[in-house]
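Enquirer: Got a predicted structure here, sequence first:
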Amino acid sequence: MPLKKLLFKAGVNKENTRYTNENGWYESEKVRFRQGLPEKIGGWTRISANTFLGICRSLWNWVTLDNKNYLGVGTNLKFYIENGGAYYDITPIRATSTINNNPFVATLNSSVLTVTDTAHGATANSFVTYSGAVGLGGNITAPFLNQEYQIATIISANSYTIIAKNTSGTTVTANATDVTGSPGGGASVVAAYQVNAGYAIQVPRVGWGAGLWNRGLWGRGTTGSATSALQIWNQNNFGQDLIFGPAGGGLYYWDAALGLNLRGVNIVDLVDPSETNPPVVQNYLLISDSSRYTILFGTNDYGSTSMDPMLIRFSTQEDPLVWTPSVTNSAGSLKLSHGSQIVSAVQTRQEIVVFTDSAVYSMQFLGAPPWWGSQLLGDNISIMSQNSAIVASGVVYWMGVDKFYKYDGRVQTLKCDLRQFIFDDINQSQAEQVFVGTNEGFNEVWWFYCSEDSTTIDRYVIYNYSELNGEGVWYYGTLARTAWLDSGLRTYPMAATYLNNVVYHENGNDDNSTATPTVIESTISSAEFDIDDGDKFGFIRRVVPDITFRGSTGDATPQVTMTLIPMQNSGSGANNPRSVGGENYASIQRIATAPIEEFTGQVFIRVRGRQMIFQVDCNTLGTQWQLGSPRIDIKQDGGRGNS
């Protein structure tokens with residue numbers, strides 16, 4: 001009997017039943033599509049063995065005038081700049097003061113120190129650096145006190161605890177002399193408090209009006225307490241310098257010319273004394289590339305220090321330190337009306353697309369007063385999170401609360417073959433963690449999210465906008481990432497991990513996020529296929545595999561396992577497996593030999609069923625594979641039940 005080619009439609013479709021989706025793919029893991037055929041995604045390698053503190057939610061890459069390649073890394077605890085694999089802490093100082101006389105109190109045989117500082121304004125897990133302190137007389141010496149500490153617990157508005165340590169970071173316990181010397185530290189202790197830390201995950205508030213305004217989308221709750229939330233940094237370079245700040249917090253400026261050992265400075269401390277209306281709070285920021293404006297989305301109005309979540313303010317052109325409008329500058333503001341808060345914004349070639357929690361706007365530069373204008377593009381539109389919208393190949397894509405959208409001149413729903421599967425699985429209480437990134441080398445948009453029972457990001461869904469002649473296809477899998485950046489200034493896309501490091505994606509074939517490479521397990525399985533209308537049993541006696549291992553590396557021989565899973569009826573489950581090559585279940589393992597290339601050998605098997613599923617699995621180091629068009633020798637085997 002002639003061989004039947006197994007050629008399935010590109011993309012994964014779970015909107016219908018597995019049987020209805022005949023001639024398509026139904027499940028995937030670490031697999032993408034290229035020219036209609038599935039292949040394993042590339043591996044990843046850590047930038048360096050160095051790590052940072054906290055969970056990274058923001059990455060931004062730029063190059064300075066002296067050709068230094070910098071990567072801004074914003075975590076829930078700190079803000080860093082990565083250069084050459086090292087992470088430099090530039091977290092801004094929130095407040096500096098000489099604190100209460102003899103602020104430190106020790107407890108016998110304990111490493112816990114209680115610190116008294118009236119109206120300190122700090123939150124748990126935030127950082128403070130002491131200077132000018134004298135020791136308590138015992139184990140707690142002056143060098144041990146005069147260093148950076150992470151606040152352990154908040155006792156009250158006037159006191160908190162830290163864990164005493166030596167200069168090497170090892171915990172130190174107080175002895176009787178330290179207790180006798182408490183309270184101690186002297187009268188000249190200076191405390192420099194860094195920008196307050198935020199939570200690593202969303203912690204829903206309880207009650208109407210709980211916490212800061214605009215810290216979560218309407219109807220979904222929000223995060224943290226009245227002073228803490230999921231820390232998401234906004235950042236963009238202004239020339240060689242960096243403008244950045246946490247959502248719901250201040251606006252900061254880092255001058256690259258001053259070096260990596262200096263921290264960011266609050267814009268308020270840099271503006272001219274005549275500037276009476278600087279921004280003191282912001283929810284999102286962009287730097288307009290063509291016109292060089294610093295633009296804030298959700299900020300304080302002139303003469304106010306309170307957040308207006310629907311207000312947009314922009315500095316004068318070419319100067320991020322001038323914010324008050326006058327006849328001699330082009331600073332200004334505009335206010336949107338549809339929605340209760342601005343959530344995000346993305347910059348395209350000719351406009352800035354602005355998202356509120358219920359509408360989409362186009363913001364365009366006018367070239368004359370009022371300098372910037374807005375136009376409503378669509379209403380009753382949702383967006384999942386601040387970091388869930390992106391531009392790819394000139395089109396804006398974003399994830400809503402129950403569907404995907406795109407804007408290419410008009411706002412429209414993006415057809416998704418995984419819509420029900422994805423949105424039934426998202427943990428909506430962790431919606432703020434959702435983020436998106438592009439992988440332009442493969443024409444992909446990646447969204448990462450927390451699955452239904454997870455409070456950390458563990459899944460992704462990919463939209464490939466070029467496959468099927470531009471119609472686009474979808475596929476999905478599991479992967480723990482917290483931020484993503486596809487930058488043309490570095491060779492590979494970058495992503496932040498829960499191991500507190502940054503990795504280069506599409507680099508190698510394995511998981512190299514640690515010092516020891518581990519296997520990236522990949523798999524894809526088809527929908528059910530049958531003979532004609534499925535009223536007859538089919539018998540497969542041989543398979544002609546077709547697969548390439550081009551790009552494989554390492555000493556191990558690359559291999560995949562191809563499996564045919566037969567069923568007596570759709571929905572009945574697989575027939576009971578027997579030995580490999582047995583009558584009802586068969587796995588065909590093909591191993592390439594050097595040189596690594598396609599092969600056209602045949603495997604004789606015995607598989608019988610009314611419907612069948614074709615599956616490819618790979619769990620070997622160094623293996624890269626792409627499926628071709630395997631053939632099966634299948635013939636009708638009667639209409640009776642399985643005997």
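Expert: Received it, and whenever you're ready, just let me know what you need.

Enquirer: Any buried residues in stretch 393-401, and which?
Expert: Buried positions in stretch 393-401, judged by neighbour count with 16 or more other CB atoms under 10 Å: 396-401. For the C-beta atoms, the positions are set from N, CA and C on the backbone; glycine is no exception.

Enquirer: For stretch 80-97, buried residues please.
Expert: 80-82, 87-95.

Enquirer: mind giving me the domain ranges of the protein?
Expert: 4-38+521-636, 93-194 (automatic domain parsing).

Enquirer: residue closest to the middle of this structure?
Expert: The centre of the chain sits closest to A483, judged by CA atoms, centre = their mean, with a distance of 2.8 Å.

Enquirer: what bridges to that one?
Expert: Beta bridges link A483 to A496, judged by DSSP bridges.

Enquirer: got the contact list for L108?
Expert: L108 makes contact with 174-176, 179 under the criterion CB atoms under 8 Å, 6 or more residues apart in numbering.

Enquirer: what's the closest of the residues you listed to Q194?
Expert: Nearest to Q194 out of the contacts of L108 is A174 (CB to CB; 25.3 Å).

Enquirer: List the ones among the contacts of L108 that fall in helices.
Expert: 176, 179 (DSSP state H).

Enquirer: Residue ranges in the chain under the pLDDT threshold?
Expert: By pLDDT under 70, the low-scoring segments of the chain are 1, 204-229, 571-600, 638-643.

Enquirer: quick one: strands adjacent to the strand or helix carrying I632?
Expert: Using DSSP states H and E, I632 maps to strand 631-636. The strands beside strand 631-636 in its sheet (DSSP bridges) come out as strand 4-5 (antiparallel), strand 538-544 (antiparallel).

Enquirer: Show me what the helix or strand that the shortest one is followed by is packed up against.
Expert: Same thing as strand 4-5. The C-terminal neighbour of strand 4-5 among helices and strands, as given by DSSP H and E, is strand 25-29. Judged by 3 or more CB pairs under 8 Å, 6 or more residues apart in numbering; DSSP states H and E, the packing partners of strand 25-29 are strand 473-478, strand 522-526.

Enquirer: could these go into TSV alongside mean neighbour count and distance to G132?
Expert: Shown next, in TSV, are the helices and strands packed on strand 25-29 (neighbours: other CB atoms under 10 Å; distance: least, CB to CB, whole Å):
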stretch	mean neighbour count	distance to G132
strand 473-478	21	50
strand 522-526	22	57
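
Enquirer: mind putting those strands in JSON lines, distance to Q147 included?
Expert: Output for those, formatted as JSON lines (distance: least, CB to CB, whole Å):
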{"stretch": "strand 473-478", "distance to Q147": "40"}
{"stretch": "strand 522-526", "distance to Q147": "46"}
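
Enquirer: and the gap between G373 and K335?
Expert: Using CB to CB, to the nearest Å, G373 is found at 12 Å from K335.

Enquirer: ditto for F614
Expert: The value you get for F614 to K335, if CB to CB is used, is 57 Å.

Enquirer: likewise Y405?
Expert: For Y405, the distance to K335 equals 24 Å [CB to CB].

Enquirer: Kindly report the same for Y253.
Expert: 25 Å.

Enquirer: More neighbours: which of the two?
Expert: Using other CB atoms under 10 Å as the criterion, Y253 and K335 rank with Y253 on top: 21 against 12.

Enquirer: so what's the more buried one up against?
Expert: Taking CB under 8 Å, 6+ apart, one finds 238, 241-243, 264-267, 270, 320-321 in contact with Y253.

Enquirer: How about I524?
Expert: 12, 25, 27-29, 31, 38, 615-616, 627.

Enquirer: pretty sure L336 is in contact with P309, am I right?
Expert: No: contact criterion CB atoms under 8 Å: L336 and P309 do not qualify, at 9.5 Å.

Enquirer: all helices for the chain, in order.
Expert: For the chain, applying DSSP H gives helices covering 142-145, 176-180, 419-423.

Enquirer: Would you pull up how far the shortest one lies from the middle of the chain?
Expert: For helix 142-145, the distance from its own C-alpha centre to the chain's C-alpha centre is 38 Å (CA atoms, centre = their mean, to the nearest Å).

Enquirer: May I have it as CSV, with CA atoms only?
Expert: Below are the C-alpha coordinates for helix 142-145, written out as CSV (Å, rounded to 0.1, in the frame of the first residue of the first chain):
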residue,chain,number,x,y,z
ALA,A,142,31.3,49.8,64.7
PRO,A,143,32.4,48.3,61.3
PHE,A,144,29.5,45.8,61.7
LEU,A,145,27.0,48.6,62.2
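
Enquirer: Counting neighbours, which bits of that helix end up buried?
Expert: Neighbour-count burial for helix 142-145, counted by 16+ other CB under 10 Å, picks out 144-145.

Enquirer: Which ones among the buried residues of stretch 393-401 map onto strands?
Expert: If you go by DSSP state E, the buried residues of stretch 393-401 have 396-399 in strands.

Enquirer: between the residues you listed, which is closest to L7?
Expert: Among those, Y397 lies closest to L7 (CB to CB), at 28.6 Å.

Enquirer: ok, what's across the strand from the closest one?
Expert: With DSSP bridges as the rule, Y397 is bridged to I390, K406.

Enquirer: in terms of contact, does it touch K406 like I think?
Expert: Yes: if you go by CB under 8 Å, Y397 and K406 touch, sitting 5.1 Å apart.

Enquirer: what about N261, how many neighbours?
Expert: 8.

Enquirer: can you list the domains of the chain in CSV and add distance to V353?
Expert: Formatted as CSV, those follow (distance: least, CB to CB, whole Å):
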stretch, distance to V353
domain 4-38+521-636, 26
domain 93-194, 32
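
Enquirer: Please give me every residue in contact with the closest residue to R32 other than its chain neighbours.
Expert: Nearest residue to R32 in three dimensions, chain neighbours excluded: I41, at 5.2 Å (CB to CB, 6 or more residues apart in numbering). Residues in contact with I41, defined by CB under 8 Å, 6+ apart, are 30-32, 506, 520, 522.

Enquirer: do you know how far I41 is from P493?
Expert: Applying CB to CB to I41 and P493 gives a distance of 11 Å.

Enquirer: residues shared between the contacts of the two?
Expert: Taking CB under 8 Å, 6+ apart as the contact rule, I41 and P493 both touch E506.

Enquirer: Next one: L113 from K536, what distance?
Expert: 79 Å.

Enquirer: brain fart, I201
Expert: In this view, I201 and K536 are 53 Å apart by CB to CB.

Enquirer: who has more neighbours, those two?
Expert: Between I201 and K536, I201 has the larger neighbour count (other CB under 10 Å), namely 19 against 16.

Enquirer: ok now do the spatially closest residue to that one that is not a sequence neighbour, which residues does it touch?
Expert: Leaving aside its sequence neighbours, I201 sits nearest to T455 (CB to CB, 6+ apart; 4.8 Å). Contact partners of T455, counting by CB under 8 Å, 6+ apart, are 201-202, 427, 430.
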